[in-house]
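Peer 1: predicted structure and sequence below. I'll ask about it afterward.
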Amino acid sequence: MRKKLMTKEEKVAIQLTNVLSDLRLDLDMVGEYLVQLSPTLIYNRFMVIAESAEQSKENQHNGNQYRLF
């Protein structure tokens, strides 16, 4: 049986999950540093990720009146 190879996108999602799992992390400060230290393009790409995650989560719950944001 062959192992399923993990895509680059799956690896990045796992990395993001691991970073965001640290409850000691101040997400407001991370947001501020993200805006200060990266170009607008990076912020916009991050927003695409967040919007995609929101849509996927809503689709998972199929109208169970669950809102991620």
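Peer 2: Structure's in. What do you need? Numbering: from 1, shown residues only.
Peer 1: which parts of the lengthiest helix in the chain are buried?
Peer 2: Counting by DSSP state H, the longest helix found in the chain is helix 40-61. By 16 or more other C-beta atoms under 10 Å, helix 40-61 has no buried positions at all. All C-beta atoms are positioned from the backbone trio N, CA, C, and that covers glycine.
Peer 1: and it, what does it pack against?
Peer 2: helix 27-37 (3 or more C-beta pairs under 8 Å, 6 or more residues apart in numbering; DSSP states H and E).
Peer 1: show me the contacts for I49.
Peer 2: Taking C-beta atoms under 8 Å, 6 or more residues apart in numbering, we find I49 in contact with L16.
Peer 1: in stretch 8-27, which residues are buried?
Peer 2: For stretch 8-27, the buried set under the neighbour-count rule, 16+ other C-beta under 10 Å, is empty.
Peer 1: pLDDT on it, on average?
Peer 2: Over the span of stretch 8-27, the pLDDT mean works out to 96.
Peer 1: convert it to CSV, retaining C-alpha atoms only.
Peer 2: Below are the C-alpha coordinates for stretch 8-27, written out as CSV (Å, rounded to 0.1, in the frame of the first residue of the first chain):
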residue,chain,number,x,y,z
LYS,A,8,2.9,21.7,0.1
GLU,A,9,-0.4,23.3,1.0
GLU,A,10,-1.2,20.6,3.6
LYS,A,11,2.3,21.1,5.1
VAL,A,12,1.7,24.8,5.4
ALA,A,13,-1.7,24.3,7.0
ILE,A,14,-0.1,22.0,9.6
GLN,A,15,2.6,24.6,10.3
LEU,A,16,-0.1,27.3,10.8
THR,A,17,-2.1,25.0,13.0
ASN,A,18,0.9,24.3,15.2
VAL,A,19,1.8,28.0,15.5
LEU,A,20,-1.7,29.1,16.3
SER,A,21,-2.2,26.2,18.8
ASP,A,22,0.1,28.1,21.3
LEU,A,23,-2.4,29.8,23.6
ARG,A,24,0.3,32.0,25.0
LEU,A,25,0.6,33.7,21.6
ASP,A,26,-1.0,37.2,21.5
LEU,A,27,-2.8,37.1,18.2
